[in-house]
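[1] below is the structure, and that's it, no one-letter string:
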């Protein structure tokens, strides 16, 4: 799995500790950012589902 630190910005907030990367077992890119202060879980978390082979081939 590759992980790279990036900075995410919105009009209201900035996250200097966000990450973007590639997950080979899921065959997907992912991004995580803006951790919830209560749960420490990312509010933004995209790329958590296995890529559909039919969609990948088209």
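    Now that the structure is in, tell me what you want to look at. All figures in this text were calculated on a predicted structure; none of them were measured in a lab.
[2] next secondary structure element downstream of the longest strand along the chain?
    As assigned by DSSP state E, the longest strand anywhere in the chain is strand 14-23. Note on strand 14-23: by DSSP states H and E, the next helix or strand toward the C-terminus is strand 28-35.
[3] report all helices and strands that that next one contacts.
    Applying 3 or more C-beta pairs under 8 Å, 6 or more residues apart in numbering; DSSP states H and E, one finds that strand 28-35 contacts strand 2-9, strand 14-23, strand 42-46. Backbone N, C-alpha and C define where each C-beta goes, glycine included.
[4] distance to residue 35 and mean neighbour count for those - can I get that in TSV?
    Below are the helices and strands packed on strand 28-35 laid out as TSV (distance: least, C-beta to C-beta, whole Å; neighbours: other C-beta atoms under 10 Å):
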stretch	distance to residue 35	mean neighbour count
strand 2-9	11	12
strand 14-23	8	15
strand 42-46	6	14
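[5] so can I have TSV of the ones you listed showing distance to residue 30 and mean pLDDT?
    As requested, those are exported to TSV (distance: least, C-beta to C-beta, whole Å; pLDDT from 0 to 100):
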stretch	distance to residue 30	mean pLDDT
strand 2-9	9	95
strand 14-23	6	94
strand 42-46	6	91
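[6] mind putting those strands into JSON lines with distance to residue 33?
    JSON lines is the format used below for the helices and strands packed on strand 28-35 (distance: least, C-beta to C-beta, whole Å):
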{"stretch": "strand 2-9", "distance to residue 33": "4"}
{"stretch": "strand 14-23", "distance to residue 33": "3"}
{"stretch": "strand 42-46", "distance to residue 33": "5"}
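[7] quick one on the thing from earlier: each with direction, which strands does the longest strand of the chain pair with?
    strand 2-9 (antiparallel), strand 28-35 (antiparallel) (DSSP bridges).
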